[in-house]
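Novice: What follows is a predicted protein model with its sequence.
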Amino acid sequence: MPAQDDPLIDRFLDALWLEKGLSDNTRDAYRSDLALFNGWLDGRNVRLVDAGRDVILDHLAWRLANGYQARSTARMLSGLRGFYRFLLREGLITVDPTLRVDLPQLGRPLPKVLSETDVEALLSAPDVGDPLGLRDRAMLEVLYATGLRVTELIGLRLEQINLRQGVLRTFGKGNKERLVPLGEESMHWLARYLRDARDELLAGKAGDVVFTSRRGDLMTRQAFWHRIKLHACQAGIAASISPHTLRHAFATHLLNHGADLRTVQMLLGHSDLSTTQIYTHIARARLQELHAQHHPRG
């Protein structure tokens, strides 16, 4: 870093500490990013105060070519914007070179999705000869058949289920009501659980909750999560999964088998179609993987 620019970075970091009270770690990250940018400028005989928009765009292109992650580049650009706004406020530059420089698209992380084979193994893992195992099998079947959120699943009441019509009524975010079809397989296991295990788990207690704990109480999310991890281990599934993993599998497998996006949006209870669109990326990634594996020119 050119020595004459050291004080500018120090002044900026001191101002950050005074104005925003940023942590040492955050300021160290900004210092590291600015030092890297300044060293890059030094190799081109450009000072920090002389860098223009074109120079910053060139630096972003250099980071892309050298494998820097979009998230780290976004952080770097955020610090750079703060730095040049500080210089502008201090009267050391007349134009902010970071104006009209867009942040890199971070994208949304794709959720982990189980294969259909793994889902079948998971669903078959509980010991259905045991009341808890039968309850777990019914819960997993309903979760995979409907794509419910785990809070919707554990909060289900008897009045929300209509086995004759094969639907359940649930209330999602914002207390928005939706009807979701159950499917024959989950209806079979749900009916069997209600007939053979629920009363035994309730042990004489009154209640209208569908899925009850060992003590006849409402299940917690954490308890169900632990049960899923137990069954995943029994099924030999190495991936780390959660109740939400089956919701992701529900949506992705529907799309893989030809369901349209609007239908999946309605079933999931998404208010915005863009939230559902992430699953098209998963389905596309799976198709590309299959193409690469099986096409002779993949």
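Specialist: Perfect, thanks for sending it.
Novice: Just the buried positions in stretch 241-251, please.
Specialist: Residues of stretch 241-251 classed as buried: Ile241, Ser242, Pro243, Thr245, Leu246, Arg247, His248, Ala249, Phe250, Ala251 (neighbour count, 16 or more other CB atoms under 10 Å). Every residue, glycine included, has its C-beta placed from N, CA and C.
Novice: next one: stretch 191-200
Specialist: In stretch 191-200, counting by 16+ other CB under 10 Å, buried: Tyr193, Leu194, Ala197, Arg198.
Novice: didn't the last one look like it was pressed against Thr212?
Specialist: In other words, Arg198. Yes. In this structure, Arg198 is within contact of Thr212 by CB atoms under 8 Å, at 6.5 Å.
Novice: hey, what's in contact with both of these two?
Specialist: Taking CB atoms under 8 Å, 6 or more residues apart in numbering as the criterion, Arg198 and Thr212 both touch Arg135.
Novice: Which stretches in the stretch 51-200 of the chain count as strands?
Specialist: Assigned strands in the stretch 51-200 of the chain, in chain order: 161-162, 167-171, 177-181 (criterion: DSSP state E, counting those that start in this stretch).
Novice: Of the ones you listed, give the one that comes closest to His226.
Specialist: For the strands of the stretch 51-200 of the chain, the distance to His226 is smallest for strand 167-171, at 23.2 Å, taking CB to CB.
Novice: pLDDT below threshold where in the stretch 151-298 of the chain?
Specialist: Within the stretch 151-298 of the chain, the segments meeting pLDDT under 70 span 174, 243, 270-298.
Novice: and with 90 instead?
Specialist: 151, 170-181, 183, 203-207, 214-223, 225, 237-298 (pLDDT under 90).
Novice: Could you identify the most distant pair in the buried residues of stretch 191-200?
Specialist: Greatest spatial distance among these (CB to CB): Leu194 and Ala197, at 7.9 Å.
Novice: if we can go back for a sec, can you put the buried residues of stretch 191-200 in JSON lines and add distance to Arg100?
Specialist: Shown next, in JSON lines, are these (distance: CB to CB, whole Å):
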{"residue": "Tyr193", "distance to Arg100": "60"}
{"residue": "Leu194", "distance to Arg100": "62"}
{"residue": "Ala197", "distance to Arg100": "63"}
{"residue": "Arg198", "distance to Arg100": "62"}
